[in-house]
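Enquirer: I would like the atomic coordinates for the input below:
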Amino acid sequence: MIGRFSNGFILLDNEMELLSHPNVTLTSKILNERSISNSDNGRVFLTNLRIVFESNTRPNSQPHFISLWLSNTHNISFKKPLCINDYLQGVTSASNDSYWRGDLAWKLTFHKSRGIDFAHAVKEVNKLNQRYNYNIPIGELALLSDSFSRKNYMVDYGSTGGCICFPCFCFPIIF
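Expert: Alright, predicted model coming up:
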């Protein structure tokens with residue numbers, strides 16, 4: 001059942017990494033508990049089965065990964081507030097590999113680039129997962145990955161792109 005490594009996390013045999021996005025903050029809170037919100041900066045990946053967040057590693061430490069399984073996720077919404085960073089939010093129920101019990105409310109805030117591409121990709125993957133009952137054929141995954149590339153959904157702008165923000169107007173810039 002365990003497959004190959006991809007950017008430090010393990011992909012399952014039927015799983016494919018489709019997209020990655022740097023400069024993201026994950027804010028999370030376990031619902032129905034009196035816990036405080038946790039927040040961490042890092043990178044986010046989209047596969048055909050889950051959203052994986054990798055926190056920025058500190059010197060001499062292992063990367064920390066959080067899996068948000070799409071089959072356990074609901075209430076996904078994307079917000080693009082004026083003059084504030086884009087964000088994608090949702091609620092994910094715990095699975096066997098989760099560090100939490102119950103439901104986790106989460107919010108991914110996208111810095112220096114457009115989160116809307118990532119949000120559209122999540123929506124497209126969810127649509128195919130519902131159609132194929134979370135077992136998207138490899139041919140469909142290849143077409144999906146190719147369509148993301150053609151739509152410039154690669155999103156990994158790194159240090160060569162970003163967003164120039166003026167009061168009340170945001171203009172995405174890609175070099």
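
Enquirer: in the protein, where's the longest helix?
Expert: helix 116-132 (DSSP state H).

Enquirer: right, and the helix or strand after that helix?
Expert: Using DSSP states H and E, the helix or strand that follows helix 116-132 in sequence is helix 138-150.

Enquirer: may I see the buried residues of that following helix?
Expert: 141, 144-145, 148 (16 or more other Cβ atoms under 10 Å). Using the backbone N, CA and C atoms, a C-beta is placed for each residue, glycine as well.

Enquirer: quick check: mean pLDDT of that helix?
Expert: Mean per-residue pLDDT for helix 138-150: 84.

Enquirer: quick one: contacts for G115?
Expert: 21, 78, 80, 85-88, 108-109 (Cβ atoms under 8 Å, 6 or more residues apart in numbering).

Enquirer: apply 7 Å and report the result again.
Expert: The contact partners of G115, taken as Cβ atoms under 7 Å, 6 or more residues apart in numbering, are 86-88.

Enquirer: would you list the phi and psi of it?
Expert: phi -80, psi -10 (degrees, to the nearest 10).

Enquirer: and if you look at L49?
Expert: Given degrees, to the nearest 10, the pair of backbone angles that L49 has is phi -120, psi -20.

Enquirer: check contacts around it.
Expert: 12, 15, 69-70, 134.

Enquirer: now, which of the contacts of G115 sits nearest S37?
Expert: For the contacts of G115, the residue nearest S37 by Cβ to Cβ is Y87; the value is 13.6 Å.

Enquirer: isn't that closest one right next to R114, touching?
Expert: No: under the criterion of Cβ atoms under 7 Å, Y87 makes no contact with R114, lying 11.7 Å away.

Enquirer: just want to know which of those two has more residues nearby.
Expert: More crowded of Y87 and R114, by other Cβ atoms under 10 Å: R114, with 23 against 19.

Enquirer: packing partners of whichever strand or helix holds S67?
Expert: Element membership of S67 [criterion: DSSP H and E] is strand 65-69. Counting contacts by 3 or more Cβ pairs under 7 Å, 6 or more residues apart in numbering; DSSP states H and E, strand 65-69 packs against strand 50-55.

Enquirer: quick one: mean pLDDT for the strand it packs on?
Expert: 92.

Enquirer: ok, back up a step: which one (most neighbours) among the contacts of L49?
Expert: L70 (22 neighbours).

Enquirer: find the least confident helix or strand in the chain, judged by mean pLDDT.
Expert: In the chain, no helix or strand scores lower on mean pLDDT, DSSP states H and E than strand 161-166, which sits at a mean of 40.

Enquirer: what's the single longest strand in the chain?
Expert: strand 17-30 (DSSP state E).
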